[in-house]
Structure formats: structure tokens, C-alpha cells
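In: Next comes the sequence, and after it the predicted model I'd like to discuss.
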Amino acid sequence: MRGNHGDFRAPPWADRSHWSSGGWQPGRRLFRIVLLVTVGFVAVPVLASAALTATFAGWTSVAVAVVFWAAFVVIGALLLRFVFRNLRIVRDLISTTGRLADGDYSARVEGHASPAARPMVDSFNRMAQRLEVSDELRRQLLADVGHELRTPLTVVRGELEAMADGVRDLSPDQIRLLLTDIAVMERLLDDLRTLSTTEAGMVALDTESADLGELASDVVERFGPQATESGIELTLTAPQPVPAMIDPYRIGQVLSNLVVNALRATTSGGTIEVTVCSDHFDDRPVAVVTITDTGRGIAADQIDAVFDRFHKGEDSSGSGLGLTISRDLVHGHGGTITLDSDLGVGTTVTMTLPAGG
């Protein structure tokens, strides 16, 4: 089926091949229903009139029959209006389902539905909209992945071809360059694998009560040499143990992503401050981490997009997936992550996680 989404399959009743002479035929089914209703509407009043005529005599029977027929016609008209109105909705649903099955995710059920059918139509249109958005995201993801892989692959191929043609010697510097580009591709593939599991809610979190301050200390210590080499002051403030219910490996991954982003955005002479503390959020205890840098900051019109896949600054060397992965991992813990930034001043990322025992 065109426009396939994972395991999505159109139901049999949406497959137009089943509408042939040997399968389900909605047009004939609806015709039979309407025919039976019409026969019923004719037969019932005829029989009822005969019974009334036998019961009453003279003008009394005529008056009763007229009243009965008038009431029956009014009720019948209202009922038929309701039936045909909903049959039109069923017909539109069948037609739209066929278009969705053919990959046209812009298809929607139009027209006015009865109050009884409106929730069904609204739900169907919301489903179609989600399919359309999902298809667009899938196409965009494939385009972004192709773009991100094309540059390092082009470099590696060019260097190897130059070496094969004898234009360039196989030197340690050239080998390091190739290894660097290969590492970029490996990091992108690792990030994509992590992203696919986090967005699908399939990440297995091995949560335990752990000291978030100690975890942050390990991350700061790991990136300390890189910060010193770049002339950046990287500090940690964690005055006391801060217990949190977390998967230490996954939250360590989030903290590493955030510190790496801060290092990339901060120039020599700048500072990065990591603060860990306990607090309350919506009347529940939480562990809070803030990472504040004095880097280049982010423009106001870009802040809402920082957690989108493959969104990154013009001079960023990352994959553009770090913040997306961090957001999904934090949300998987039942926490929150926000970002505030002023262009030319710096950025602050705040993360809250459930407090530990």
C-alpha cells in the first residue's frame, strides 16, 4: 500500500478490491437497507389502517385513520431524513477510507453530520490528520538523514579516491580526518536509533533512587578537560545529596548532551554553571538541574524549534538530535525540560525529575 506507516494496514472493508462481485458491496447493502425500510413504511400503515377500519365505524374510522396517517407521515419523514443523512455520512466515510488506503492522507470527511454521527466523523478526521502529519514527518526525516550523511560520505569518498589515484598520500593526518567523519556518521546513526526508541516509548528505563548531584559531578568531571582547553569555566553547584528516581545511564546521557551543547555555544572566557537542587513543583517534590552558559544564545524566533529533530544552529557540528532525545528521555521519566535564551547573552536549560526516596 502506498504511504505505508509501519504496521498500518487498511481494514478489509476499506480495500476496494473487496467491493467486487464476490466481496462486500456497500452500495448494494445500503440499497437493501433502504428498500426494507421503505417496504416497512408502506406495509405498517396499510395494516394499521385496516385494523382501525375494522374497529371503528363511519366517520370515526376515517378521522382516526387520517390522524394516524398524518402522524405516521411526519414521523416517517423525520426518520427517513435521519437515515438518509447518516447514510450519506457512511458513504463519505467509505469513500474517504478508500482514499486514505491509496495514500491520499489529505482526505477528510466533509459535510454536515448529525449530532449522533459528528463524534465519529471528528475522530475519523483527527485520525486522518495524524496520518498526514506522520507521513510528512517520515518524509522529512528521510530527507534530513540523507542530508546529514551526504557531507561526511562525500568527504570520505573524495579522500579515498584521491589516495587511490595517488594524488594524496596515506598519512596519519588523513587517517584521522577519515576517522573523524566516520565518527560523525556513527554518532548520527546512534542518535537515530535512540530517537526511534524514545519516540515509540520503547526505551526500557532501569529507574532507581540515585544522587543526581553525584551524577552531575561525574559529567562535569568528564568534560572538565575539554572546557579548560577551550578557556571555559565549567562549575558545579550541588550543596547536598539530591535523590531522584531515574535511570542513571539515560539521565547521564541527557546531562552529557546538555553540557556538550553549552560547550559548543560558549567561547573562550565564558562560563557554564551546572546547578542541582531539590524543590517542589505542583506540590510534589522534584529534583532540579539547571545548566546556564554565557554563550551566543538563541534568537527568540528559534526557541520554540530547539527540541525539533535536526534543528541546530548554523555553525553547530552536532547531529541536531541531542535536545530531541533529551526531551523524550526526560518525559519518559515523568519529568520536564525547558529552555530560555537571550541572543548574545546565553542560555539556561532547566530539567525537573521525580524526587527519590
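Out: Thanks, I have the structure now. Numbers count the residues shown, from 1 in each chain.
In: Tell me where the stretch 151-300 of the chain has helices.
Out: 172-199, 212-229, 248-265 (DSSP state H, counting those that start in this stretch).
In: any idea which of the ones you listed scores lowest on pLDDT?
Out: Looking at the helices of the stretch 151-300 of the chain, the lowest mean pLDDT belongs to helix 172-199 (a mean of 75).
In: Domain map for this protein?
Out: What automatic domain parsing lists as the domains of the chain is 12-116, 143-199, 208-354.
In: tell me the most buried of those?
Out: domain 208-354 (a mean of 18; mean count of other C-beta atoms under 10 Å). Backbone N, C-alpha and C define where each C-beta goes, glycine included.
In: Save the domains of the chain as CSV, and put in distance to Arg126 too.
Out: Formatted as CSV, the domains of the chain follow (distance: least, C-beta to C-beta, whole Å):
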stretch, distance to Arg126
domain 12-116, 10
domain 143-199, 19
domain 208-354, 22
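In: Out of the ones you listed, which gets nearest to Glu132?
Out: domain 12-116 (3.8 Å; C-beta to C-beta).
In: Going by mean pLDDT, which of the domains of the chain comes out lowest?
Out: For the domains of the chain, where the average pLDDT is lowest is domain 12-116, sitting at a mean of 64.
In: Strands of the stretch 251-357 of the chain, start to end?
Out: According to DSSP state E, counting those that start in this stretch, the stretch 251-357 of the chain carries its strands in the segments 271-281, 284-293, 336-342, 346-354.
In: circling back: any chance of TSV for the helices of the stretch 151-300 of the chain, columns distance to Gly158?
Out: Below are the helices of the stretch 151-300 of the chain laid out as TSV (distance: least, C-beta to C-beta, whole Å):
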stretch	distance to Gly158
helix 172-199	10
helix 212-229	29
helix 248-265	26
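In: so which of those helices comes closest to Leu142?
Out: Among the helices of the stretch 151-300 of the chain, helix 172-199 comes nearest to Leu142, with 11.0 Å by C-beta to C-beta.
In: name the helices or strands packed onto the closest one?
Out: Using 3 or more C-beta pairs under 8 Å, 6 or more residues apart in numbering; DSSP states H and E as the contact test, the elements touching helix 172-199 are helix 118-164, helix 322-332.
In: so it versus helix 118-164, what angle?
Out: Between the axes of helix 172-199 and helix 118-164, defined by axes from the mean of the first three to the mean of the last three C-alpha atoms, to 10 degrees, the angle is 170 degrees.
In: closest one to Leu131 among the domains of the chain?
Out: That would be domain 12-116 among the domains of the chain, by C-beta to C-beta, at 4.8 Å.
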